[in-house]
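Student: sequence unknown, structure follows:
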């Protein structure tokens, strides 16, 4: 068991018990070293609501190391997942985030997806230039 696995599982149980805000803030207040455990929980879950929740917690930690995961999540078929990834990449607003957005845009043909990604690229690019 990893250092934070038990704590992550505790907050996931709180989330399932209807205490999403408590779980969100509890996970967000943990050290950034929790990110691999959050990613493992995200990857192992089939629950779209939980996956979206975990993805938001992950990007809210504001660490560039999560950009590859967010880029991967952009390709998810579930709208709630890829929109959460978009939000995270825009919030991180770095050249790497912009590159992840541009890469994902080329992998999907859906008009709605491309519209959202195009807007996110503009927003993330503005953030990246202000660094």
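Tutor: Thanks, I have it. Not measured: the values here are computed from a predicted model.
Student: and the strand or helix carrying residue 70, what's its mean pLDDT?
Tutor: Secondary-structure assignment from DSSP states H and E places residue 70 in helix 67-73. The pLDDT scores in helix 67-73 average 97.
Student: so who does the residue nearest to the spatial centre of the chain touch?
Tutor: Centroid check for the chain by Cα atoms, centre = their mean gives residue 55 as the closest residue, at 3.5 Å. For residue 55, the contacting residues are 42, 69, 70, 73, 81, 84, 85, 88, by Cβ atoms under 8 Å, 6 or more residues apart in numbering. C-beta coordinates here come from the backbone N, C-alpha and C atoms, glycine included.
Student: Highest neighbour count among those residues?
Tutor: residue 85 (29 neighbours; other Cβ atoms under 10 Å).
Student: What separation is there between that residue and residue 9?
Tutor: Counting by Cβ to Cβ, to the nearest Å, the gap from residue 85 to residue 9 is 23 Å.
Student: And residue 80, by the same measure?
Tutor: Distance from residue 80 to residue 9, by Cβ to Cβ: 22 Å.
Student: Then residue 24?
Tutor: With distances taken as Cβ to Cβ, residue 24 is found 15 Å from residue 9.
Student: next one: residue 98
Tutor: 34 Å.
Student: So for these two, which sits in the more crowded spot?
Tutor: With neighbours defined as other Cβ under 10 Å, residue 98 and residue 9 compare such that residue 98 has more, 24 against 13.
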